[in-house]
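structural data only, the sequence is not supplied:
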């Protein structure tokens, strides 16, 4: 999953941000890029499957509704400020 930035519209799903409530990152994805789900304010759940090795900076930043992140085995690196603490 490529890096993004905080600019609106840099990911293919950015126009659907208000419709995203859950994300499952499949184990075939090695890295969650920087700011990948930035400002998905209605996101409640993220599941990161075995095989994902890294969560980039700000990947879940400003996901204000995020209640649960399930991380399966294999994750080796979480960059700074990957999420907003409640």
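Structure's in. What do you need? This one's a predicted model, so the numbers in the text were calculated from it and none came from an experiment.

could you pull out the strands in the chain for me?
Assigned by DSSP state E, the strands in the chain fall at 22-25, 31-32, 45-48, 54-55, 68-71, 77-78.

could the ones you listed go into a markdown table alongside distance to residue 38?
The way it works is simple: take the backbone N, C-alpha and C, and place the C-beta from them, glycine included. Below are those laid out as a markdown table (distance: least, Cβ to Cβ, whole Å):
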| stretch | distance to residue 38 |
| --- | --- |
| strand 22-25 | 12 |
| strand 31-32 | 11 |
| strand 45-48 | 13 |
| strand 54-55 | 12 |
| strand 68-71 | 15 |
| strand 77-78 | 15 |
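
what's the closest of these to residue 62?
strand 45-48 (13.7 Å; Cβ to Cβ).

off-centre distance for that closest one?
Distance, stretch centre to chain centre, for strand 45-48: 8 Å (Cα atoms, centre = their mean, to the nearest Å).

got it, and stretch 20-31?
Relative to its parent chain, stretch 20-31 has a centroid offset of 8 Å by Cα atoms, centre = their mean.

and it, what's buried?
By 16 or more other Cβ atoms under 10 Å, the buried positions in stretch 20-31 come out as 20, 23, 25, 31.

which residues does the last one contact?
Residue 31 makes contact with 1, 52, 53, 54, 55, 56 under the criterion Cβ atoms under 8 Å, 6 or more residues apart in numbering.

by neighbours, which of those wins?
Within the contacts of residue 31, neighbour counts (other Cβ atoms under 10 Å) peak at residue 55, which reaches 25 neighbours.

wait, that residue touches residue 77, no?
Yes: the pair residue 55 / residue 77 is scored as a contact, 7.3 Å apart, by Cβ atoms under 8 Å.

quick one: residues contacting the closest residue to residue 30 other than its chain neighbours.
Of all residues not flanking residue 30 in the chain, residue 53 sits nearest, at 5.5 Å (Cβ to Cβ, 6 or more residues apart in numbering). Shown in contact with residue 53 (Cβ under 8 Å, 6+ apart): 30, 31, 74, 75, 76, 77.
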